[in-house]
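Enquirer: Here's a sequence, model it:
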Amino acid sequence: MEKNSKKIISVLTLILFCVAIFSIGNFIGQLFILFAVFPVLLIVWHFSLNYAIGVLVLIVATGSFSFGGVSIFNFSGISYLLVVVGIAVGLSLLKKHIKYLHSEVVHLSRFKARQDAMLENSTDILAIMDRDGLITYTSSNVKAHFGWIPQDVVGKEAWITVHPDDLSKTKERFKFLLNHTSEIVNVDFRFKCAGGFYKYVNLSAVNMLHDSIISGILVNYRDIDQQKKTEQALLANEYKYRVLYENMQDTVCMLDEEGCITDINEAGIKLMGYSRQEFIGMKVSQLVHPEDREKSKKYFEELHQKGRYSRFEGRVVAKSGKYIWVQVDSSEFVRDGTKVGSQDIVRDISDQKEVEYKMRLQNKKLQELNVTKDKFFSIISHDLRSPFNSILGLTNLLDTRYDIWDDEKKKAYIKRLKNEACMTYKLLDNLLEWARIQTQRMPFNPQKYLLQELVKDEICLLEELAANKNIKVNRITCQEEYLVHADKNMISTVFRNLFSNAVKFTPENGSINISCQKFFVKNQKQYVQIAVTDSGVGITEEQLQKLFKLEGLVSTKGTAGEIGTGLGLILCKEFVDMHGGILDIKSQKGKSSTFTVSLELI
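Expert: I've put the predicted structure just below:
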């Protein structure tokens, strides 16, 4: 509505202007109209219709006066009335306008005061720079933050407050800003304060050179010195933690809630052989030895229930396939009240486990040695003392009754004495050899021998012993010559014991068979096997289980009452094992026994 009224008033004013120009006869009136109408039009458009009407009345009233006897408007007698009315209306309207302008000034003053207060108490500092980097304005709170008063910096280059080490990047961002009017540029640098020290600030700037009011680069400075110091402290702590983390002797492994590796230190990389990239995202359960996975699951459940577990011991599989014994302690870590994963500390205990294994072996060996020692003393106290008691008894009889016995009886007792002495000597010899083996003082000197040569003398001795009991010895001739790597004394002792045992447990008129043959094992090595089979009393299953154990040593009399200790077979087993061979026994009670010695061929 007002807009249409303004158009109507403007048109009427122009019409009045034209009428006045053509109706006024003097040049002064025409000039007056010319310079009066345009202000009216401006007032119409920029203020209000009331002001325009008031001004128009004043113009008409004023035009009623004469200047130098010349009247501008040649109006009638109402001119004076119009003058009075025009002046009254004009003054009233001007007063109202002055009052309006005063209220606007008060409003603007309050707005500026509010704005100044906001800027004064703001945590940010506002400034304006021209395109050359000169500061044209800065907010008054620059003193509160940096110690400068606005007059200290306005009109000076902004670069004087920038730390020399930060100057290059700051100028580079400023240059970028000059060529990009729509971009907001952010840069952190050290700002020089009035006291000569520096504070970290964040600068946000926007190019407003095109703006008619700002006409410059609008800059916002934010004091981030405390924030930067906190960040630097955090970075320093993180660096210390990272150095400690990477230089720990134990493996430190970070896992997410699914048990996937998110980070691992250098110790873990060296231990397992995987790269850090290979580790990231890998399920930790993949690294656990298959036999220990069930156990590890129970510990993982404990972690979720209690938030930690300690001293899990198990094997992990390195990239090379090697099994490594480890001990693991794990604890969950929480961020903002939410469980985000766990931290595992993994210690390589392979050396410890090796020591424990050796200790177990050593303890077992010590137990065996204690048993051996006890049995050794038992043999000495019983098995060795009994023959000597028999020898002493026979010698005592010979000493006291020698003169009253006939020669036949003397010879019988002397023969018995000889047999007892021989058996005692053999027992003592076996004991000494066995003791030397246990104390690792038995010399072992293997050399190349033909097997036939090693057993030839022992077979001859066997035939002599067998003849006393009318036992037939059947020798199966070897099809070829067999070359072995053996200690002659040990192997001779082995066959001597086996042959004498065969005679001892074979009844009169029985038989002993000796055979040899070549065979192969899975690794394609060639062995020769010598078997001694008697037709004797056989061995029970229970006796077979104890045959090579010192704690189960049992002495069994032969078919002719021959006495033994059982120690000879233990010696045979020890000697064959030292050669890397095999001593095997097959027997049935009441039928026969077969002792087999297998030696590797060269």
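Enquirer: Low-confidence regions, the stretch 251-400 of the chain specifically.
Expert: Along the stretch 251-400 of the chain, the parts satisfying pLDDT under 70 run over 372, 375-376, 378-387.
Enquirer: quick one, strands of it?
Expert: Counting by DSSP state E, counting those that start in this stretch, the stretch 251-400 of the chain has strands at residues 251-255, 261-264, 308-317, 323-335, 338-348.
Enquirer: strands paired with the longest one, and their directions?
Expert: Looking at strand 323-335 with DSSP bridges, its paired strands and their directions are strand 308-317 (antiparallel), strand 338-348 (antiparallel).
Enquirer: In three-state terms, how would Asn207 be classified?
Expert: Local secondary structure at Asn207 is given as strand here, using DSSP: H, G, I helix; E, B strand; the rest coil.
Enquirer: and the gap between it and Glu302?
Expert: Distance, Asn207 to Glu302, by Cβ to Cβ, to the nearest Å: 62 Å. Backbone N, C-alpha and C define where each C-beta goes, glycine included.
Enquirer: Tell me which of the two has more neighbours.
Expert: Neighbours per residue, other Cβ atoms under 10 Å: of Asn207 and Glu302, the larger number sits with Asn207, 22 against 15.
Enquirer: wait, that one sits on Phe176?
Expert: No - here Asn207 does not reach Phe176: they are 9.7 Å apart, not a contact under Cβ atoms under 8 Å.
Enquirer: Are there residues contacting both of those two? Which ones?
Expert: Here Asn207 and Phe176 have Glu183 as joint contacts, going by Cβ atoms under 8 Å, 6 or more residues apart in numbering.
Enquirer: Using a markdown table, please lay out the strands of the stretch 251-400 of the chain together with distance to Pro164 and mean neighbour count.
Expert: A markdown table is the format used below for the strands of the stretch 251-400 of the chain (distance: least, Cβ to Cβ, whole Å; neighbours: other Cβ atoms under 10 Å):
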| stretch | distance to Pro164 | mean neighbour count |
| --- | --- | --- |
| strand 251-255 | 41 | 21 |
| strand 261-264 | 38 | 19 |
| strand 308-317 | 52 | 16 |
| strand 323-335 | 40 | 16 |
| strand 338-348 | 43 | 17 |
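Enquirer: what's the closest of the ones you listed to Thr161?
Expert: Each of the strands of the stretch 251-400 of the chain has some distance to Thr161 by Cβ to Cβ; the shortest is strand 323-335, at 39.5 Å.
Enquirer: What lies in contact with the closest one?
Expert: For strand 323-335, contacts defined as Cβ under 8 Å, 6+ apart pick out 251, 271-272, 289, 299, 303-304, 307-318, 339-350, 352-353.
Enquirer: do the same with stretch 168-186
Expert: Stretch 168-186 has contacts (Cβ under 8 Å, 6+ apart) with 131, 133, 159, 162, 187, 189, 202-207, 209-210, 217.
Enquirer: again with stretch 594-602
Expert: Under the criterion Cβ under 8 Å, 6+ apart, residues 448, 451, 482-486, 491, 494-495, 498, 501-502, 518-519, 525-533, 576, 579-587 lie in contact with stretch 594-602.
Enquirer: What residues sit buried inside that stretch?
Expert: Residues Thr594, Phe595, Thr596, Val597, Ser598, Leu599, Glu600 are the ones in stretch 594-602 that count as buried (16 or more other Cβ atoms under 10 Å).
Enquirer: ok, the residues you listed vs Cys478, which is closest?
Expert: Leu599 (12.9 Å).
Enquirer: And that closest one, how far from Ser320?
Expert: Look at Leu599 and Ser320: by Cβ to Cβ, they are 38 Å apart.
Enquirer: circling back: just so I know, which of the strands of the stretch 251-400 of the chain lies nearest Leu108?
Expert: Comparing the strands of the stretch 251-400 of the chain against Leu108 with Cβ to Cβ, the closest turns out to be strand 323-335 (52.1 Å).
Enquirer: between that closest one and strand 251-255, how many degrees?
Expert: Note on geometry: by axes from the mean of the first three to the mean of the last three Cα atoms, to 10 degrees, strand 323-335 and strand 251-255 are set 50 degrees apart in direction.
Enquirer: What ranges does the stretch 51-200 of the chain have for its strands?
Expert: Shown for the stretch 51-200 of the chain, the strands assigned by DSSP E, counting those that start in this stretch span residues 66-67, 70-71, 124-129, 135-138, 184-192, 198-208.
Enquirer: tell me the average confidence for the first one?
Expert: It stands for strand 66-67. Average pLDDT, strand 66-67: 42.
Enquirer: Please apply the same query to the last one.
Expert: Within the predicted structure, the mean pLDDT of strand 198-208 is 94.
Enquirer: try the third one
Expert: Per-region confidence: strand 124-129 scores 92 on mean pLDDT.
Enquirer: That strand - contacts with which helices or strands?
Expert: strand 135-138, helix 142-146, strand 216-223 (3 or more Cβ pairs under 8 Å, 6 or more residues apart in numbering; DSSP states H and E).
Enquirer: What separation do you get for Asp584 and Val503?
Expert: From Asp584 to Val503 the distance is 20 Å (Cβ to Cβ).
Enquirer: the more surrounded of those two?
Expert: Ranked by neighbour count (other Cβ under 10 Å), Asp584 and Val503 place Val503 first, with 26 against 13.
Enquirer: Find the helix or strand that the more buried one is a member of.
Expert: helix 488-504 (DSSP states H and E).
Enquirer: could you give me the average pLDDT of that helix?
Expert: pLDDT averaged over helix 488-504 gives 85.
Enquirer: Which helix or strand lies directly C-terminal to it?
Expert: strand 511-520.
Enquirer: Give me the contact list for whichever helix or strand comes after that following strand.
Expert: For strand 511-520, the following helix or strand on the C-terminal side (DSSP H and E) is strand 526-534. Contacting residues not belonging to strand 526-534 are listed as 451, 455, 482, 484, 495, 498-499, 502-503, 505-506, 510-521, 581-582, 592-601 [Cβ under 8 Å, 6+ apart].
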